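Engineer: have a look; sequence and predicted model below, questions after that.
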Amino acid sequence: MDNILIYFYSYKEAIFIIVLSIYLGIEVISNVPSVLHTPLMSGANAISGVIIIGGIILVGHSDLSHLSLRLVIGIFAILFATLNVVGGFAVTDRMLEMFKKKK
């Protein structure tokens, strides 16, 4: 228990920034008007594309002979960023479909 408290005390600034960014992200995303949703999704897809490339580089430089933290983080980064990109394209396609004229 003491090690956990020492860890939190040592990295309190980083933990504060992460918690604050999560809170601000939730507040910003929940208040986005529907008109701005498609451009915001495109920006999120671009960021996720960069994360996919970073995850591939991380997995490529990790030791594949045994399970390491670098390998696990890289695989999770690739998995979650790919899900975000695919979901973003699906949502954007559905939203753009609503603006097309009906036959």
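Structural biologist: Perfect, thanks for sending it. Note that the structure is a prediction, hence the values are computed from the model and not measured.
Engineer: which secondary structure elements does the helix or strand of the chain at the bottom of the mean pLDDT ranking sit against?
Structural biologist: Scoring the helices and strands of the chain by mean pLDDT, DSSP states H and E places helix 37-61 at the bottom, with a mean of 84. On a contact count with 3 or more CB pairs under 8 Å, 6 or more residues apart in numbering; DSSP states H and E, helix 37-61 meets helix 69-98. For the C-beta atoms, the positions are set from N, CA and C on the backbone; glycine is no exception.
Engineer: would you mark the buried spots in the helix it packs on?
Structural biologist: Using 16 or more other CB atoms under 10 Å as the test for burial, helix 69-98 gives 71, 74, 77-78, 81, 84-85, 88, 92.
Engineer: tell me the domain ranges of this protein?
Structural biologist: 1-31, 34-103 (automatic domain parsing).
Engineer: show me where the protein dips below the pLDDT cut-off.
Structural biologist: Scanning the chain for pLDDT under 70 picks out 37-38.
Engineer: if you set the cut-off to 90 instead, what comes out?
Structural biologist: For the chain, the stretches with pLDDT under 90 are 1-11, 14-15, 25-49, 58, 60-74, 84-103.
Engineer: any idea how far the spatially closest residue to Val32 that is not a sequence neighbour lies from Tyr9?
Structural biologist: Once flanking residues are discounted, Val32 sits nearest to Leu40: 5.8 Å by CB to CB, 6 or more residues apart in numbering. Leu40 is 36 Å from Tyr9, where distance means CB to CB, to the nearest Å.
Engineer: the more surrounded of those two?
Structural biologist: Leu40 (15 against 9; other CB atoms under 10 Å).
Engineer: cool, thanks, talk later.
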